[in-house]
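Trainee: following is a predicted model, sequence given first.
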Amino acid sequence: MAHIVVVEDEQQLAHLIAQTLRDDGHQTEIIRDGQVALDRLTGPGRISPDLIILDLGLPGVDGLTICRRIRRERIVPIVMLTAKSSELDKVLGLELGADDYLTKPVSLRELQARVSAILRRVEMMRVESRTEDDSTKPITYHDLSVDPLGREVVVGDQEVNLTAKEFDLLYLLASHPGRVFSRTYLLDRLWGDGYSGFERTVDTHIQRLRRKLGGSGSVADHIVTLWGVGYKYDRVNSATSDPGDAPDTVTTTVR
Ligand code: CA
């Protein structure tokens with residue numbers, strides 16, 4: 001969930017956009033006046049939304065000025081809305097530091113897609129900067145230890161042979177315990193653009209990973225499925241595991 005500020009003076013459009021974003025699980029706030037937007041989004045006591053949707057033509061202060069002022073102070077994703085579809089507006093908006101733009105009439109589906117793409121990019125950058133710091137730190141929980149330098153996984157006293165992708169998946173999940181990763185995020189992060197839409201790829205790898213870790217009743221239970229959402233590594237609870245995930249094909253090898 002992200003906190004998104006919608007700066008738009010057309011009441012109906014502002015409400016449509018806000019409602020659409022709320023339907024996607026975000027928290028929204030509408031600002032209709034340029035000067036109010038400037039006061040709320042810049043200077044001392046400013047609010048810190050995760051993303052700003054900013055109309056170009058506003059009463060009080062125009063969108064370009066607001067964009068420029070926000071950019072002087074900080075980095076926050078900005079999506080510009082513009083009534084004029086001329087290239088100049090687009091270029092102007094982008095040069096001023098908007099991350100994306102949409103021309104009116106605004107397609108709500110496109111807006112949803114752009115917003116989630118930007119939020120995903122931001123999330124990815126955050127995790128990456130965190131992961132870079134810890135990317136050589138070995139992990140030891142319960143019976144599981146993961147050594148990123150030697151790319152070695154040990155369960156109990158048995159070494160587990162994982163493929164590169166299975167290893168990366170386990171290390172990413174286990175190095176952020178409790179954090180939920182969506183399938184889309186995992187695909188983007190570990191497989192790259194070419195795989196977009198093949199969320200099943202993630203499921204298949206998770207299933208194989210669980211089996212290799214020992215199947216249900218083992219440390220594999222710490223890899224938790226959140227139905228319709230994604231996966232997380234749960235350090236405390238050994239909650240759910242796939243029903244079809246019986247430990248019949250354990251492929252651990254004794255060191
Ligand atoms: Ca307007």
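Mentor: Perfect, I can see it now. Just so you know, these numbers come straight off a predicted model, no measurement behind them.
Trainee: can you map out the strands along the stretch 101-250 of the chain?
Mentor: 139-141, 144-147, 152-155, 158-160, 181-182, 223-226, 230-233 (DSSP state E, counting those that start in this stretch).
Trainee: mind putting those strands in TSV, mean neighbour count and mean pLDDT included?
Mentor: In this view, the C-beta of every residue, glycine as well, is placed from N, C-alpha and C. Shown next, in TSV, are the strands of the stretch 101-250 of the chain (neighbours: other CB atoms under 10 Å; pLDDT from 0 to 100):
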stretch	mean neighbour count	mean pLDDT
strand 139-141	14	88
strand 144-147	19	92
strand 152-155	19	94
strand 158-160	17	92
strand 181-182	20	86
strand 223-226	19	91
strand 230-233	22	92
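Trainee: wait, D62 touches R68, no?
Mentor: No: the pair D62 / R68 is not scored as a contact, 10.0 Å apart, by CB atoms under 8 Å.
Trainee: low-confidence stretches in this structure?
Mentor: 84-97, 128-135, 193-197, 237-255 (pLDDT under 70).
Trainee: just checking, what packs against the lengthiest helix in the chain?
Mentor: Assignment by DSSP state H gives helix 108-134 as the longest helix of the chain. Under the contact criterion of 3 or more CB pairs under 8 Å, 6 or more residues apart in numbering; DSSP states H and E, helix 108-134 touches helix 11-23, strand 51-55, strand 78-82, strand 100-103, helix 183-186.
Trainee: the ion is nearest to which of the ones you listed?
Mentor: With CB to the ion, the closest approach to the ion among these belongs to strand 51-55: 4.5 Å.
Trainee: outside of that closest one, which residues touch it?
Mentor: Contact partners of strand 51-55, identified using CB atoms under 8 Å, 6 or more residues apart in numbering, comprise 2-10, 17, 37, 41, 63, 66-67, 70, 76-82, 98, 111, 115, 118-119.
Trainee: next secondary structure element downstream of that strand?
Mentor: Next helix or strand after strand 51-55 toward the C-terminus (DSSP states H and E): helix 63-73.
Trainee: give me the helices and strands touching that following helix, please.
Mentor: Of the remaining helices and strands, those touching helix 63-73 by 3+ CB pairs under 8 Å, 6+ apart are helix 34-41, strand 51-55, strand 78-82, helix 87-95.
Trainee: same thing but 7 Å
Mentor: Here helix 63-73 touches helix 34-41, strand 51-55, strand 78-82, going by 3 or more CB pairs under 7 Å, 6 or more residues apart in numbering; DSSP states H and E.
Trainee: who's in contact with the residue in the stretch 51-200 of the chain positioned nearest to the ion?
Mentor: Nearest to the ion, among the residues of the stretch 51-200 of the chain, is G57, at 3.9 Å (CB to the ion). The contact partners of G57, taken as CB atoms under 7 Å, 6 or more residues apart in numbering, are 63, 83.
Trainee: ok, back up a step: out of the helices and strands packed on helix 63-73, deepest packed?
Mentor: Of all those, strand 51-55 has the most neighbours on average by mean count of other CB atoms under 10 Å, namely a mean of 26.
Trainee: got the CA coordinates for it in CSV?
Mentor: This file holds the C-alpha atoms of strand 51-55, laid out as CSV (Å, rounded to 0.1, in the frame of the first residue of the first chain):
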residue,chain,number,x,y,z
LEU,A,51,3.9,9.1,-5.2
ILE,A,52,2.3,12.3,-6.5
ILE,A,53,-0.2,12.6,-9.4
LEU,A,54,0.0,16.1,-10.6
ASP,A,55,-2.2,18.0,-13.0
